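give the three-dimensional model of this entry:
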Amino acid sequence: MLAGARAASISQSELENHDVIKERVLHGLLFASACVAVLGLVLIFAFVAVRGVPIFAKAGVVQMLSSTDWSPMDGRFGILSFIVGSFAVTVGALLLGAPLAVGAAIFLSEIASPRVRSIVKPAVELLAGIPSVVYGFFGVIVVVPQVRALLGGSGFGLVSGCIVLAVMIVPTIAAISEDAISSVPRGFREGSAAMGATQWQTIKNVVLPAARTGIVDAVVLGMGRAVGETMAVLMVLGNAPVIPRGPSDPASTLTSIIILDMPYASGDHQTALFGIGLVLLLLSMSFVAAIRILSRSRKAR
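Next comes the predicted model:
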């Protein structure tokens with residue numbers, strides 16, 4: 001019996017050691033996956049920076065960022081109009097699309113019946129799979145004529161770009177926000193209802209604050225798509241290298257000028273496009289940081 005107990009003890013010890021090894025291997029794999037993601041970002045940033053920084057040294061950082069004169073063939077590389085265009089169309093798309101997406105997420109998770117949810121949710125998610133060029137065609141055929149009729153002008157401009165981008169970011173923000181809202185424990189809702197709160201009061205004062213982090217993450221991802229979108233914006237924005245003075249004026253973005261000029265660019269012109277890519281990365285990071293800081297400051301209050 002003593003020998004059997006000793007054998008069982010050894011067997012149990014071996015199993016525990018085996019589990020420890022498996023946990024360490026899994027921990028190492030997960031850590032390596034995280035490192036690969038971070039390393040990928042660092043390498044992309046380093047590659048774009050190495051190719052783009054020389055143009056800032058040659059043309060001057062202040063000159064490039066403060067000038068609207070984009071004439072690469074003449075050695076003038078002012079990109080202020082592209083920065084303003086990217087900022088304007090991204091903020092406009094978020095202002096239009098984010099409330100709509102969060103509202104759809106609240107409806108799907110808190111209000112819709114299972115039957116309605118089974119129809120609406122796949123329809124919203126399907127929007128994410130539509131190619132951006134199709135959104136561009138929709139903008140050219142449907143949005144641009146309506147904007148032209150309402151605001152005048154050619155119809156190709158900031159309003160058209162913001163509307164098309166807003167539709168494009170809705171499924172991303174809605175899907176992630178809906179998951180965040182649904183993950184709020186049921187007990188939160190029941191406790192609020194037990195205290196006499198209405199459904200809307202529960203959603204506003206309990207569910208949404210509890211799901212704030214997930215909703216912010218959804219908005220950040222939607223913003224990332226808006227900043228980096230090229231084809232749809234290229235088709236409806238007008239692509240004029242000027243600072244728009246009104247909502248119906250044409251504009252151009254950092255992404256659109258890259259896709260338009262890259263096929264024939266060379267020398268300093270090509271280097272300037274890499275410089276624009278670097279500015280685009282920094283602008284996107286600044287947007288993400290601003291949203292994170294704003295969210296944390298509100299949470300602290």
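
Ala101 sits in which helix or strand?
helix 80-106 (DSSP states H and E).

for stretch 282-294, which residues meet the burial criterion?
Going by neighbour count (16 or more other C-beta atoms under 10 Å), the buried part of stretch 282-294 is 283-284, 287-288, 291. Glycine gets a C-beta too; all of them are placed from N, C-alpha and C.

actually, stretch 212-223.
Buried residues in stretch 212-223, counting neighbours by 16+ other C-beta under 10 Å, are found at 214-223.

again, but for stretch 246-260
Across stretch 246-260, burial judged by 16+ other C-beta under 10 Å covers 248-258, 260.

cool, and stretch 195-209?
Within stretch 195-209, the residues scored as buried using 16+ other C-beta under 10 Å are 197, 202-203, 206-208.

then stretch 41-48?
Buried residues in stretch 41-48 (16+ other C-beta under 10 Å): Val48.

domain ranges for this structure?
Residue ranges for the domains of the chain, per automatic domain parsing: 2-58, 66-300.

as a whole number, average confidence for the first one?
In this model, domain 2-58 has a mean pLDDT of 77.

now find how far off-centre it is within its chain.
Domain 2-58 sits 27 Å away from the centroid of its parent chain (C-alpha atoms, centre = their mean, to the nearest Å).

check stretch 96-105 too.
14 Å.

ditto for stretch 280-287
Computed by C-alpha atoms, centre = their mean, the chain-centroid distance of stretch 280-287 equals 11 Å.

same question for it, mean pLDDT?
83.

where does the protein have its least confident helix or strand?
When the helices and strands of the chain are scored by mean pLDDT, DSSP states H and E, helix 2-59 comes last with a mean of 77.

list of residues touching the following helix or strand past that one?
On the C-terminal side of helix 2-59, the closest following helix or strand by DSSP H and E is helix 61-66. Residues outside helix 61-66 that contact it (C-beta atoms under 8 Å, 6 or more residues apart in numbering): 55-56, 77-80, 83, 272, 275, 279.

mind listing what's buried in helix 61-66?
Going by neighbour count (16+ other C-beta under 10 Å), the buried part of helix 61-66 is Met64.

sheet partners, orientation included, of the helix or strand following it?
Following helix 61-66 in sequence order, the next helix or strand is strand 70-71 (DSSP H and E). With DSSP bridges as the test, strand 70-71 is paired with strand 76-77 (antiparallel).

pLDDT averaged over the strand it pairs with - what is it?
Strand 76-77 shows a mean pLDDT of 87.

also stretch 102-119?
88.

re earlier: single out the most deeply packed of the domains of the chain.
domain 66-300 (a mean of 18; mean count of other C-beta atoms under 10 Å).

which residues of the stretch 151-300 of the chain score low on pLDDT?
Residue ranges of the stretch 151-300 of the chain with pLDDT under 70: 295-300.

helices of that one, start to end?
Using DSSP state H, counting those that start in this stretch, the helices assigned to the stretch 151-300 of the chain run over residues 158-182, 186-194, 199-202, 208-210, 212-228, 231-236, 254-261, 268-300.

redo the ones you listed as CSV? Include distance to Phe138.
CSV is the format used below for the helices of the stretch 151-300 of the chain (distance: least, C-beta to C-beta, whole Å):
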stretch, distance to Phe138
helix 158-182, 7
helix 186-194, 38
helix 199-202, 34
helix 208-210, 31
helix 212-228, 16
helix 231-236, 9
helix 254-261, 18
helix 268-300, 25
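
ok, which of those helices comes nearest Gly103?
Comparison of the helices of the stretch 151-300 of the chain against Gly103 by C-beta to C-beta identifies helix 158-182 as nearest, at 8.6 Å.

which elements pack onto that closest one?
Judged by 3 or more C-beta pairs under 8 Å, 6 or more residues apart in numbering; DSSP states H and E, the packing partners of helix 158-182 are helix 80-106, helix 114-127, helix 132-138, helix 144-151, helix 212-228, helix 231-236.

for Lys22, which of the ones you listed is the nearest?
Of all these, it is helix 212-228 that lies closest to Lys22, at 30.7 Å by C-beta to C-beta.

which neighbouring elements make contact with the closest one?
On the basis of 3+ C-beta pairs under 8 Å, 6+ apart, helix 212-228 makes packing contacts with helix 80-106, helix 158-182, helix 268-300.

what do you get if the cut-off is 10 Å, keeping everything else the same?
For helix 212-228, the elements it packs on are helix 80-106, helix 158-182, helix 254-261, helix 268-300, judged by 3 or more C-beta pairs under 10 Å, 6 or more residues apart in numbering; DSSP states H and E.

quick one: contacts for the nearest residue to Pro247 once chain neighbours are set aside?
Nearest residue to Pro247, sequence neighbours excluded (C-beta to C-beta, 6 or more residues apart in numbering): Val159, at 4.8 Å. Listed by C-beta atoms under 10 Å, 6 or more residues apart in numbering, the contact partners of Val159 are 89, 92, 96, 143-144, 146-148, 150-151, 153, 236-237, 244, 246-249.
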